[in-house]
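In: have a look at this prediction, sequence included:
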Amino acid sequence: KNEVEQSPQNLTAQEGEFITINCSYSVGISALHWLQQHPGGGIVSLFMLSSGKKKHGRLIATINIQEKHSSLHITASHPRDSAVYICAALNLNYGGSQGNLIFGKGTKLSVKP
Amino acid sequence: GAGVSQTPSNKVTEKGKYVELRCDPISGHTALYWYRQSLGQGPEFLIYFQGTGAADDSGLPNDRFFAVRPEGSVSTLKIQRTERGDSAVYLCASGVTWNSPLHFGNGTRLTVT
């Protein structure tokens, strides 16, 4: 079982729909990253959060530390949002040092016009 | 300002050859990570530098892989006796500290024939 699980693996939406991508993790973390990767492109960091909620434009990320769960929401989705969204947990306990980043396998989002 | 730069962007090599992949992080970023991403998978952690030292090299798959960061800025990932299974996109990311948002390079696509 992966230590960081994302769902769904693939998601197709119509333009304008509200989208939710989920991330669950089984390790103790100091923070969680949400990343965006466009086809053939590099990775862009969207959020890094350790509690509560963060908002940037149409993107909202939430985390519940007790439940070890985070969600990424996209409001009023647009075709340009089509990308792979990856959550990555900054592992608190790994090796007793400053941890390493454990990645989920990503959620491939396709927004149709 | 300049982001994380990785060179070359593409590298094709024959099985058994030695390759070096370079990462030039954002100036002043002390944390530097190397990851490997295979098609359809999330990034896999390889090694993490804090300054000049490798704080965590537990992700390196075997002793054919080695990375250095002699002056705490540019890092080089070195792969000896390459194998076809080493083919992947090698990503570099840097951050102000280990617990900061990460900035990713565009990766080096390595193909071992």
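Out: Now that the structure is in, tell me what you want to look at. What you are looking at is a predicted structure, and each value in this text was computed from that prediction instead of being measured.
In: point out where chain A drops to low pLDDT.
Out: For chain A, residues meeting the criterion pLDDT under 70 lie at A:1, A:92-99.
In: chain B contacts on that one?
Out: Within reach of chain B by CB under 8 Å from any CB of the partner chain, chain A has these residues: A:30-31, A:33, A:35, A:41-45, A:48, A:86, A:88, A:90, A:94-95, A:97-106. All C-beta spots, glycine's among them, are computed from the backbone N, C-alpha and C.
In: buried only: go through the residues you listed for me.
Out: Among the residues of chain A next to chain B, those classed as buried by 16 or more other CB atoms under 10 Å in any protein chain shown are A:31, A:33, A:35, A:42-43, A:45, A:48, A:86, A:88, A:90, A:94, A:98-106.
In: what's the neighbour count on residue 78?
Out: Just so you know, I chose chain A. Per other CB atoms under 10 Å in any protein chain shown, the neighbour tally for A:His78 reads 13.
In: wait, chain B
Out: Other residues close to B:Lys78 by other CB under 10 Å number 13.
In: out of everything not next to it in sequence, what's closest to it?
Out: Nearest residue to B:Lys78, sequence neighbours excluded (CB to CB, 6 or more residues apart in numbering or on different chains): B:Phe66, at 4.7 Å.
In: what residues does the residue positioned nearest the centre of chain B make contact with?
Out: By CA atoms, centre = their mean, the mean C-alpha position of chain B lies nearest to B:Trp34, the distance being 3.5 Å. The neighbours of B:Trp34, taking CB atoms under 8 Å, 6 or more residues apart in numbering or on different chains as the test, are B:23, B:46-48, B:67, B:75, B:77, B:90-92.
In: next: A:Thr20.
Out: Contacts for A:Thr20 (CB under 8 Å, 6+ apart) come out as A:71-73.
In: again, only this time at 10 Å
Out: A:Thr20 sits next to A:7-8, A:11, A:60, A:62, A:71-74, A:107 when contact means CB atoms under 10 Å, 6 or more residues apart in numbering or on different chains.
In: also A:Pro79?
Out: A:13-15, A:110-113.
In: equivalent analysis for A:Val111, please.
Out: Per CB under 10 Å, 6+ apart, neighbours of A:Val111: A:11-17, A:19, A:74, A:77-83.
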